[in-house]
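# Task: produce atomic coordinates for the following.
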Amino acid sequence: RPNQLEAINQTTKAIKQKRKHFLWNAKMRFGKTSAAMQVAKENIMQKVLIVTHRPSVSVDWYNDFGKVFKGTNFEYSSKNEGERISTLIKNKQPFVYFASMQDLRLSKRVVDDESSKSKAQGFPKNDEVFDTTWDMLIVDEAHEGTQSDLGTATFNQIPTNFTLQLSGTPFN
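Coordinates of the predicted model:
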C-alpha cells in the first residue's frame, strides 16, 4: 500500500544515511509487521531481532514472515518456532529472531546491569541474543516496556546497527 511504501522508503533512506534509530507511529491495521520485515528484506539485513512487550503477537510475526520472506533463504526462529538461534548463528544463515521483552529482561546480564536499582535475580539465558550484533532491531509496541529503567537496561545489552521502533500509541 502507498503508506507502507512511503514508510519503507523513508526508513531505507535513514539506513543509508547511517541513522541508528527510526520510529513509525502508525495506527492499527497499517501493516507494521509486514512493512518492517520488508525493510529488513530490501536492505539485506542478515540478522534481524524482533522484540515485543506482547508475546502473544508471535503468531502474527511468524505469518507475516512467511509472506515477506517466501522464496528466500531466511529462517524464522523464536523460543517456540524454527531452528535454534545458536544453530542459525553458527551456520551464518540469514534469519529473523522473535523475542519477548519479558524473557529478555529476566536475563542475568540485564538484571546484573540494573543490580544497583533492583534486588531481582536474573537467570542465565539469552546470551546468544546479547552476544550477537544485530543488523536490525525491530521494537514492536515500542511505547510499552521501553520507557523504564529495566527496559533501557535490556536494550543497552543488545548490540545493533539499526533500530526500528513501531508504535500505534503516542509516547508520553
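# So the residue nearest in space to the middle of the chain, which state does it fall into?
Nearest to the geometric centre of the chain sits residue 50, at 2.2 Å (Cα atoms, centre = their mean). Using DSSP: H, G, I helix; E, B strand; the rest coil, the structure places residue 50 in strand.
# which residues does it bridge with?
Residue 50 forms beta bridges with residue 98, residue 138, as assigned by DSSP bridges.
# so it touches residue 98, yeah?
Yes - between residue 50 and residue 98 there is a contact under Cβ atoms under 8 Å: 4.7 Å. All C-beta atoms are positioned from the backbone trio N, CA, C, and that covers glycine.
# who touches both of the two?
Residues touching both residue 50 and residue 98 (Cβ atoms under 8 Å, 6 or more residues apart in numbering): residue 61.
# coming back round to it: relative to residue 138, how far out is the residue nearest to the centre of the chain?
Between residue 50 and residue 138 the computed distance is 5 Å (Cβ to Cβ, to the nearest Å).
# which neighbours do the two share?
Common contact partners of residue 50 and residue 138 (Cβ under 8 Å, 6+ apart): residue 36.
# Helices of the chain, residue ranges please.
Ranges of helices in the chain, per DSSP state H, are 2-16, 32-42, 58-68, 85-90, 101-105, 108-113, 127-131, 149-156.
# So which of those is nearest residue 22?
helix 2-16 (4.8 Å; Cβ to Cβ).
# quick one: the closest one to helix 32-42, angle?
Relative orientation of helix 2-16 and helix 32-42, computed by axes from the mean of the first three to the mean of the last three Cα atoms, to 10 degrees: 40 degrees.
# mind showing which ranges of the chain have poor pLDDT?
Across the chain, the ranges flagged by pLDDT under 70 are 113-120, 145-146, 170-172.
# One more pass at 50, please.
116 (pLDDT under 50).
# May I see the helices of the chain organised as a markdown table, with distance to residue 24 added?
Below are the helices of the chain laid out as a markdown table (distance: least, Cβ to Cβ, whole Å):
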| stretch | distance to residue 24 |
| --- | --- |
| helix 2-16 | 6 |
| helix 32-42 | 6 |
| helix 58-68 | 15 |
| helix 85-90 | 26 |
| helix 101-105 | 18 |
| helix 108-113 | 25 |
| helix 127-131 | 23 |
| helix 149-156 | 17 |
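# Adding mean neighbour count and distance to residue 26, write these out as JSON lines.
Shown next, in JSON lines, are those (neighbours: other Cβ atoms under 10 Å; distance: least, Cβ to Cβ, whole Å):
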{"stretch": "helix 2-16", "mean neighbour count": "15", "distance to residue 26": "7"}
{"stretch": "helix 32-42", "mean neighbour count": "22", "distance to residue 26": "6"}
{"stretch": "helix 58-68", "mean neighbour count": "17", "distance to residue 26": "15"}
{"stretch": "helix 85-90", "mean neighbour count": "16", "distance to residue 26": "28"}
{"stretch": "helix 101-105", "mean neighbour count": "20", "distance to residue 26": "20"}
{"stretch": "helix 108-113", "mean neighbour count": "19", "distance to residue 26": "28"}
{"stretch": "helix 127-131", "mean neighbour count": "15", "distance to residue 26": "26"}
{"stretch": "helix 149-156", "mean neighbour count": "18", "distance to residue 26": "21"}
